[in-house]
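# Based on what follows, work out the 3D shape:
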Amino acid sequence: MQAARAAYRRLLDGYCAALRSRPWTTQSLSSAALWSLGDVAAQRLEQFDVQQPHTTDTRRAAMVTLYGGLFIGPLGHAWLLQLDRLTRRFCPGGGVRAIGAKIALDTVLFGPVHVGSWLGLMGLLSGESRERISRQLEDKFMPTLIAESLVWPAIQWVNFSRVPLQHQLMVVNVASLADCTFLSWVKHQQSLGYGSWLGHLEGGPFGP
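Coordinates of the predicted model:
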């Protein structure tokens, strides 16, 4: 037990030292690693009831790794820094009002960018046509954004109120293990739009 604690302490100290000396690189690499794990988990869930040996789509996982490392890492780091500066300027003194402002801005501004970029950039990285990307945005953007907006405010409340600024993106990335699993599942479903939901209702307990 003591050896495990010592190893964890060394790992944490190394991470904090890297974060101080190379914040952008460290945030990008940690984002890449955690988003990669999230996609692998999503692939396992998608194959849960398949009566065949589970396989990993390495190309898909590589695309998600690139998305996490080259987009979410740098953008998330820059966004959290700017969000902190904005709230310090307009809500001096911090407190509940500042945390609420951060959550509101994060939900209203970053949320749509995050969902839209996931569906759009992942489509481009995967070689999908513009028509297919447009259809996916039309079909999946709003249901996904609504689902995200129901979960992230609670996570960010804890994050903004309890975690130092330099570690907030790590909390986001750890939570994104589940988020990426969800988003990867969304991306590879045939449909999530209102038509599909109505179809489920018509064929379900509320149907004729």
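
# hey, let's count contacts and neighbours off CA atoms from now on
OK.

# Does Met170 lie in a helix or a strand, and which?
When elements are assigned from DSSP states H and E, Met170 belongs to helix 165-187.

# again but with Leu12, I slipped
Secondary-structure element containing Leu12, defined by DSSP H and E: helix 2-21.

# show me where this protein has helices.
Taking DSSP state H, the helices of the chain run over residues 2-21, 23-46, 58-67, 73-90, 95-105, 111-125, 130-162, 165-187, 194-203.

# Put together a markdown table for those helices, with mean neighbour count on each row.
Putting these into a markdown table (neighbours: other Cα atoms under 10 Å) gives the following:
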| stretch | mean neighbour count |
| --- | --- |
| helix 2-21 | 12 |
| helix 23-46 | 22 |
| helix 58-67 | 19 |
| helix 73-90 | 17 |
| helix 95-105 | 17 |
| helix 111-125 | 18 |
| helix 130-162 | 16 |
| helix 165-187 | 19 |
| helix 194-203 | 12 |
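
# Would you format those as TSV with mean pLDDT included?
Below are the helices of the chain laid out as TSV (pLDDT from 0 to 100):
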stretch	mean pLDDT
helix 2-21	83
helix 23-46	87
helix 58-67	90
helix 73-90	91
helix 95-105	93
helix 111-125	90
helix 130-162	90
helix 165-187	81
helix 194-203	43
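
# coming back round to it: report all helices and strands that the helix holding Met170 contacts.
helix 23-46, helix 73-90, helix 130-162 (3 or more Cα pairs under 8 Å, 6 or more residues apart in numbering; DSSP states H and E).

# Go again with 10 Å.
Contacts defined by 3 or more Cα pairs under 10 Å, 6 or more residues apart in numbering; DSSP states H and E place helix 165-187 against helix 2-21, helix 23-46, helix 58-67, helix 73-90, helix 111-125, helix 130-162.

# Let me see the contact set for the residue sitting nearest the centre point of the chain.
Centroid-nearest residue in the chain: Ser176, 4.2 Å away (criterion: Cα atoms, centre = their mean). By Cα atoms under 10 Å, 6 or more residues apart in numbering, Ser176 lies in contact with Ser31, Leu34, Trp35, Leu37, Gly38, Gly68, Trp152, Leu169, Met170, Phe182, Leu183.

# is it true that the third one touches Gly69?
Yes - counting by Cα atoms under 10 Å, Trp35 touches Gly69, with 8.2 Å between them.
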